[in-house]
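[1] missing the sequence, but the structure's below:
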């Protein structure tokens, strides 16, 4: 879509639904092309196109881009629903209304969204039902700008997580804007072409080095570095891990498909299979609300715990 047509489409939307992410798409495309070109050049020099080497695999990248394009529509749908609820909370329940004309309102909104994103993101790695919405983003064995576009289609968890913000008097449109700022920021951290940065910046902000750790499937890297814009939440709450070596990317149990529907839904299917196979209610609840890879304890005489259909 031409940039002019995209801008016209965005400005035709109501102000509350004009997502800054749409304006950022041309820059995403430019950076993706530059990184892809650099990767192809490196392959021709060293003959290295292994997963995790910063290379691109065409089918993998097309799957990521396709999921990103679909997520633009699904996210708009979720935001439309949320706008109605947030507007009611803001109008009837918030004890005060913060003015978007004040600088501190923007700081509260952006920092608040980032903190709540950290909480939600950590939950998404520790509660299997929420992990089912998020795991598609981790399913690529490559780590590049295309992987950044491999977004989930179910934003219901984040919509619920943002409720405290309109309740604190932040205008609903500013909540959405702040999360879009977070998404735009997080695009550039999905690359192996940027090494560690200036130490004070690395201490405060999420960077490619920190986010490479987050996407690693190595035991030392699992479930670390949940931050969106700020990495200080991980430092404060004990989930920080520095990059010690180049990670191996992807899920611990490989999903061998480029079908975007299966990539988005296979964990829901696995949860349903485990639910049907379990005999006790507490085991069924464990498969749904326990961490990815959870399995019920069984007596030692009966053998080892039965493995779930899928895991982190």
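    Nice, thanks for sending it over. This is a predicted model, so every value here is computed, not measured.
[2] can you tell me how far residue 97 sits from residue 89?
    According to CB to CB, to the nearest Å, residue 97 and residue 89 sit 12 Å apart. No exception for glycine: its C-beta is placed from N, CA and C like everyone else's.
[3] Between those two, tell me which one has more neighbours.
    Between residue 97 and residue 89, counted using other CB atoms under 10 Å, residue 89 has the larger neighbour count: 18 against 14.
[4] tell me the contacts of the more buried one?
    Taking CB atoms under 8 Å, 6 or more residues apart in numbering, we find residue 89 in contact with 163, 166, 167.
[5] can you check residue 64 too?
    Contacts of residue 64 (CB under 8 Å, 6+ apart): 140, 146, 147, 148, 149, 150.
[6] Tell me the one of those residues nearest residue 202?
    For the contacts of residue 64, the minimum distance to residue 202 (CB to CB) is 19.3 Å, reached by residue 148.
[7] Cross the contacts of residue 89 against helices and list the overlap.
    Judged by DSSP state H, helices contain the following of the contacts of residue 89: 166, 167.
[8] Dump the contacts of residue 89 into a markdown table; add neighbour count and distance to residue 70 as well.
    Shown next, in a markdown table, are those (neighbours: other CB atoms under 10 Å; distance: CB to CB, whole Å):
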| residue | neighbour count | distance to residue 70 |
| --- | --- | --- |
| 163 | 16 | 25 |
| 166 | 24 | 27 |
| 167 | 14 | 31 |
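[9] Out of the contacts of residue 89, which is nearest to residue 247?
    residue 163 (34.0 Å).
[10] Torsion angles phi and psi at the closest one?
    phi -50, psi -40 (degrees, to the nearest 10).
[11] Quick check, pLDDT for it.
    Note for residue 163: predicted pLDDT of 95.
[12] Please tell me how far the nearest residue to it once chain neighbours are set aside sits from residue 147.
    Excluding the flanking residues, the one nearest residue 163 by CB to CB, 6 or more residues apart in numbering is residue 89, at 6.7 Å. Using CB to CB, one gets 34 Å for the distance from residue 89 to residue 147.
[13] for residue 244, same thing?
    Distance of residue 244 to residue 147, computed by CB to CB: 21 Å.
[14] what's the answer for residue 66, then?
    Per CB to CB, residue 66 is found 13 Å from residue 147.
[15] Residue 69 too?
    Counting by CB to CB, the gap from residue 69 to residue 147 is 15 Å.
[16] More neighbours: which of those two?
    residue 147 (22 against 13).
[17] quick one, what contacts that one?
    64, 137, 140, 190, 215.
[18] I'm done for today, thanks for sticking with me.
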